Each structure stands twice: as C-alpha cells, then as structure tokens.
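Q: pasting a predicted model and its sequence here:
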Amino acid sequence: MNERIGRGLKLFLVVILMVFLTPIAQAQTIEEFSFEDIKMFIEEQYNPNVDKLPSFIKNFFGNERMNVYIDGIVVGLVSKDGRIIEVKEGEISNPTVKVFVKESTAGSIMHSDDPVTAFQIALKYGEIRVEGVRVVNWVKYSMANVITRIVSNIGILKSPYDVKQGEEKEIIYKGEIGILKLNSKGIRFVEFPGRKKVIIIDKYGGFVGLSSRNVQELIRLNPTGLTKNAGIYSQPKIIRTVDVLTEDGSVVRMEFRQPFSKFAYVDMIVYKNDEEKLKFMEYMLSNKTMATQIYNKDFRWNPLLTVYVTLIKEPNLFYTLVVLGDNRIEGTFNITQPIIQQEIYQKLIELKESPDAKILEKEIEDLSISSNTISNLIPATDMDLLRKDNILLLVTNSNISIKEVGGSRVTEYMSLIASTIIGLFGTKPGFIAGAIDIELHHASPEMGKYAESQIGSRPGGRAGTLHPEVFEEYESPWGPAYFPQRIKRH
Amino acid sequence: MRRKKIIIAFVVVLVFLLIMTFTIQTPSEPELTPNPLNAELYFFLSNGGLENALVDITPERALIRYNLPENVSTETTNFFVMKASARIAPNSSKIIIQVYENFTPLEEVIVSTEDVLAFMNGTITYEEFEKRIEIKSLNR
C-alpha cells in the first residue's frame, strides 16, 4: 500500500514538475548586465523599497537562501525579514529556493523606474519561476505559484500599465502625466497633453517605440489584417553625439541619427540644456547665431563647415549660407549659370584660403564618424515644393559619401550646390548626383508627370553648372555627365 | 494510521496544486519587437512630406495607410509611397496603399514590389507599369 502511494507520489511529482518547468513567457527587451549591476540594484533599489511589496510575497521570500539563475549568471542571495543581507556571485550552499528568471525580465525589472512594481508584474505574468528545494519548500513554493496565479487573476497583483480596451487611464509616465490606452491590436500607448507623438510601452512600462495619435486613429478605423507591430516605430540608431559651442556662448548637444540601414543618410537632432529637442535645420532657422564650433573627442576646437541652401522666390535662385569656424559668407547661386562665374564663388575661394579651412582639412579624420558620413539630405518628392521650409542643409567636417539621393528638382539642385561647396573645401563631395541631368529627367514627358528622379539610375550632372575642379566630365550612356572627382565610378 | 493520514493529506494538496495549475492560467502577453523596416519607411515618408503614415511591413506585403495631405494628388503621393516602399522593403511581395482623406477611406492601391522595382530600374515603361497597378475604391 505504502509502496503504491510512493509510486503515486512520484508520478504526481513528475507531472507537477513538468507543469512548473514549462518555459516562462518570452520577455521583451534583451539587456546585458553583470553581477556587479545586480548587486548594486539589490543594495540601492530592492532593499530600500522592499516594504512596498505585498506582504504575502515578502513572507514567502523573507527568510531564504536563494540561488537565482538569470540565463548565464548565477547569483546567491540570503534574505532575512524580506531584505537581502548577502549577495554572492555563483551558487550558495544549502539553498532553500531556486529562482529562474530570463535575462530580459531581469533587465526590465532592474531598469524600471519602479522595480518593486516591475517585480510584481513579472510574477503576475509568470516570468519568474520559483522552485523550492526539498519537499517542504517544494510544496510551499508550488502553493506560492498557484496563489500567485490566483491573485493575478483576481487582480490583487496590479500593474499600473494594465488597461482595458476602450479605457483611458491617467498615469504618471517618466514624471509626466499621460493617458494610457490600449489600441485595437492590444498594444499599450501613452498620450501626453498637447503632443502628437505617443509612446508605445510594454507591460513593464518599458519603452518599445514611437507612434502618433493620427497613426493610432488609422489603426482604430480598420484593424483587420494589421499586425501587432503596425504603426510602431523604433527610434533611429544614434551614431554619434557631439557638444557644440554656439556663438552666443551656450553649448548644445547634437545627436546624429541614422534612420535608414541601407542609405547613407544622417539626421541631426539638437538638444539644448537637455530640454529642447529639434532637428538641426530647425535650430539653424530659429537661431541665427548658429553653431559654428565643434569639439572633438579630446575637446579641442575644430571649425565646422556648415552649408545651408534654400530655394528663394525665383525658381533658379538658391540662397546659400556657408559658415566655417568664425567665417560666414552668404549669397545666391543661379543654377542656370556655371558656378565658377558667380559672385559667391569668389567668396568661397577666399574662404578656402582661411586658416579655418586649413584646420578643417587637417582635422577631418579626428572628427570622422563611423560611417564617415555627416549630412542632412532630404529625400523628397515634389511635395517638398508645397512646403515653405524647403531646405537642404549639409554640415560636414568629415568625408561624405552619399550614394543615393532621391529628390525633387529643387532638392537635387540644392544637393548639387552643397556638395560642390563641400568639394571645394577638400572633403568628398556629398552628392553623387543620383541623377543625372536634372532638367532632363524632371522634364521628360514620362517622368515629368511625377517630376521625380529615377533614383541612382543615371549618374552625372548638368553640363555647365558644375565646378570643373570638383566634378569631372565623362561620357555616360545618356550623354555627357559629371562626377565628383574624388569618388570612384562603379 | 497517523502517517497514512499525512500522506493522504499530502496527496490531496498535490492534487489541488495540480488542478489549480491546470485551471488557472497565468496572464500572458506576446512578445512585442518593433519591425525596424516600419520605422525606416515611416521616416522616409515623413522626410518626403507624408507625415503620420501607418506602416506595417511583413514578407507578404508592405501596407501603408495615410491621410492625404492637402493640395496633393493621390496619384503623385501613391507613386512616391510605392517607390519608397520598394526601396525600403524590396523583399515584401506586394505593396498595399490605403488612402484616407480626413480619416475617411478613399481608395486602395495594390501593386507588386517587383513591378515597382522594374519600373524604377527602367525595365518596364510607365505605360506597362500603370497597367499592373490595381486600384479599388474604398468608398462605401
């Protein structure tokens, strides 16, 4: 009889172990951290806030010897009255409990603004698995797991980020009041008063991506067939940040972002006092005493070549502003005349002889960024023509190699002007004109309907308007074309 | 006898745990990993003047839903969207563009990504390309 009961017990144990050993839910973010990070987190975050945990959780984990397995890391913990009194790298002897946590879940807890709440959320969603060692502890923690499931279902384990479909819940997110909602695909997003952008968050309140109110409305109108990722936009890759001293003496931080994986296109975002955040060209417009100096990694001053081109009223005239260190020249380019014959060209030649131009040339490598590209070209269509702020801005102190530019006639001319100027200062011209004879392809009967370029398909430039020292002529299948001299043709 | 009672009680607890484990499900939530191509196409469209487009890219299709900006034709905009989508997501089989005007559905345009790329590369003429574009009204 006893033997049969024993066999039955073993069977139950196997079944229950299988239940508890099912893989824990996949968490969202992959975070890498070390034992030192965990130790610091326990000392600075967990222990001071332990009283915020529900008492039943605190009682269960209150006096234990725990081995915590976080993917590749093992941490031994000893708790007393809820607080962790000993933290050890590797397993501790005679453990009473084993805790299994995915690295991403641990990361979500450790990097949360409210780790105690994040810990409860992880328990609620079954992302922390606890196994008691020896029979009594095993039963205790099996019961704890069941209790956790019950309390999760009846709402005792609450998450500030739980929201029902159609509900609008006011929350404090990163110190700001926001409205938490669930979209038709079950995705959480936070709206902030007066802002069009919304933030997509996960169940821990962690940042997932950006979206906008309009995009969310477009999802709401017809969610059928959309994936959960619809309308969620991750932040572009940040490739470099630099501090820039402006003429008014203030320091702004410029962030260079690369939103496209395939194109050499870089967006510049300006932060001032860590508050304002705007695109560099907006900053240029708003602040005429623009950034003129830049510091390299050793905080040595280097001049920054800034080229700013915009269309003015007359269709063939482009206002051009060039700032190099303390020098500033401005004028107009007429794209119907060769650059060499224009007044602004003479000014550029004088600028080229300035000490700042020599420094620029010497310091190029110091300031080159990983992709060797700093630019702000606007791939655009003729819709650009409808916009008043039609601007092309190129800032460079580095080699530029923009392989493709798709644009309207206006943006292509602006690119051409800017790249020609950059070419004069000894850096690679930025625009391997994705096209082309600009007039031809924008005026052709077929393409003229859309007034767009055939991106990258017909290289070259319009004869007569280009600087002969920067661009060289060659015979393309479509007639005479011009290439930046420093760029190899493929 | 006492030992037997303890074992029975223990088995009852185990049965209870087993039943509860099977009957009470832990709330679960699927993983959410943003598709980087969605963001790339969104930025591309934004930089071209088409802001706030809904982008949803899968291997089967690149779906772009947008509100038509003022003073711009659907034809011009759709052409821009097609080319942008083909460049950013050349491996999506087709491009579905859903045009809305003030959040009211207007039309749906479906085109094969391969055809857009062929037109962009000059392999097919505009006339040939136009014939391969499927347009249907979304007005009810």
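A: Arrived safely.
Q: got a list of what the closest residue in space to B:Thr74 that isn't next to it in sequence touches?
A: Using C-beta to C-beta, 6 or more residues apart in numbering or on different chains and skipping the chain neighbours, the partner closest in space to B:Thr74 is B:Val99 (5.3 Å). Where you see a C-beta, it was placed from the backbone N, CA and C, and this is true even at glycine. By C-beta atoms under 8 Å, 6 or more residues apart in numbering or on different chains, the contact set of B:Val99 is B:65-66, B:68, B:74, B:77-78, B:105-109, B:138.
Q: give me the element B:Val99 is part of.
A: strand B:94-101 (DSSP states H and E).
Q: tell me how many other residues crowd residue 51.
A: With no chain named, the answer covers chain A. By other C-beta atoms under 10 Å in any protein chain shown, 11 other residues sit near A:Asp51.
Q: please go with chain B instead
A: Applying other C-beta under 10 Å, we find 16 residues neighbouring B:Glu51.
Q: just confirm B:Leu106 contacts B:Thr77, I think it does.
A: No - contact criterion C-beta atoms under 8 Å: B:Leu106 and B:Thr77 do not qualify, at 11.0 Å.
Q: okay, those two: which has more neighbours?
A: The neighbour count for B:Leu106 versus B:Thr77, taken as other C-beta under 10 Å, is higher for B:Thr77 (22 against 15).
Q: next up, the contacts around that one.
A: B:Thr77 is in contact with A:383, B:50, B:66, B:68-69, B:99, counting by C-beta under 8 Å, 6+ apart.
Q: give the helix, strand or coil label for the residue nearest the centre of chain B.
A: In chain B, the C-alpha nearest the mean C-alpha coordinate belongs to B:Asp56, at 2.5 Å (C-alpha atoms, centre = their mean). Three-state call for B:Asp56 (DSSP: H, G, I helix; E, B strand; the rest coil): strand.
Q: distance of it relative to B:Ser85?
A: Distance, B:Asp56 to B:Ser85, using C-beta to C-beta, to the nearest Å: 11 Å.
Q: okay, and the common contacts of the two?
A: If you check B:Asp56 and B:Ser85 against C-beta under 8 Å, 6+ apart, the residues they both contact are B:62, B:64.
Q: in a helix, that's where A:Val74 is, yeah?
A: No - applying three-state DSSP, one finds A:Val74 to be strand, outside a helix.
Q: tell me how many other residues crowd it.
A: For A:Val74, using other C-beta under 10 Å, the count is 16.
Q: which residues of chain A fall in helices?
A: For chain A, helices defined by DSSP state H occupy the ranges A:2-20, A:35-41, A:47-49, A:55-61, A:103-110, A:115-124, A:135-154, A:213-221, A:280-286, A:343-352, A:355-367, A:409-424, A:438-443, A:445-448.
Q: give me the contacts around the second one.
A: Residues lying outside helix A:35-41 but in contact with it, judged by C-beta under 8 Å, 6+ apart, are A:70, A:73, A:75, A:87, A:89, A:106, A:110, A:115.
Q: show me which positions of that helix end up buried.
A: A:37-39, A:41 (16 or more other C-beta atoms under 10 Å in any protein chain shown).
Q: just the fifth one next, same as before
A: Neighbour-count burial for helix A:103-110, counted by 16+ other C-beta under 10 Å, picks out A:103-110.
Q: tell me how chain A divides into domains.
A: Per the record, chain A has its domains at A:2-154, A:160-235, A:237-484, by automatic domain parsing.
Q: and those domains, which one averages the lowest pLDDT?
A: The weakest mean pLDDT among the domains of chain A belongs to domain A:237-484, with a mean of 54.
Q: all strands for the stretch 151-300 of chain A, in order.
A: A:169-173, A:176-182, A:188-191, A:197-201, A:207-212, A:237-246, A:251-258, A:267-272, A:276-279, A:291-295 (DSSP state E, counting those that start in this stretch).
Q: tell me which residues are up against the fifth one.
A: For strand A:207-212, contacts defined as C-beta under 8 Å, 6+ apart pick out A:28, A:189, A:196-202, A:231-235, B:32, B:34, B:39, B:52.
Q: so how many other residues sit close to the nearest residue to A:Phe100 once chain neighbours are set aside?
A: Leaving aside its sequence neighbours, A:Phe100 sits nearest to A:Arg129 (C-beta to C-beta, 6+ apart; 4.4 Å). Burial of A:Arg129 is recorded as 19 neighbouring residues (other C-beta under 10 Å).
Q: A:Arg129 touches A:Val99, doesn't it?
A: Yes - assessed by C-beta under 8 Å, A:Arg129 is found in contact with A:Val99 at 7.3 Å.
Q: lowest mean pLDDT among the helices and strands, pick that one out for chain B.
A: Least confident helix or strand, chain B: helix B:2-23 with a mean of 73, by mean pLDDT, DSSP states H and E.
Q: and the next element down the chain from that one?
A: Scanning forward in sequence from helix B:2-23 by DSSP H and E, the next helix or strand is helix B:36-47.
Q: so how far is that following helix off the chain centroid?
A: Here helix B:36-47 is found 13 Å from its chain centre; the criterion is C-alpha atoms, centre = their mean, to the nearest Å.
Q: any idea of the angle it forms with strand A:207-212?
A: 30 degrees (axes from the mean of the first three to the mean of the last three C-alpha atoms, to 10 degrees).
Q: what does helix B:36-47 contact?
A: By C-beta under 8 Å, 6+ apart, helix B:36-47 touches A:209, A:229-236, A:259-262, A:267, A:378-380, B:51-53, B:55-57, B:62, B:64, B:66, B:80-81, B:84-85, B:87-89.
Q: please put the alpha-carbon coordinates of it into CSV.
A: Extracted in CSV, the C-alpha atoms of helix B:36-47 (Å, rounded to 0.1, in the frame of the first residue of the first chain):
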residue,chain,number,x,y,z
PRO,B,36,12.8,48.2,-38.0
LEU,B,37,11.6,48.4,-41.6
ASN,B,38,8.3,50.0,-40.4
ALA,B,39,10.4,52.8,-38.8
GLU,B,40,12.6,53.2,-41.9
LEU,B,41,9.7,53.6,-44.3
TYR,B,42,7.9,55.9,-41.9
PHE,B,43,11.0,58.2,-41.6
PHE,B,44,11.4,58.1,-45.4
LEU,B,45,7.8,59.1,-46.0
SER,B,46,7.9,61.8,-43.3
ASN,B,47,11.1,63.3,-44.8
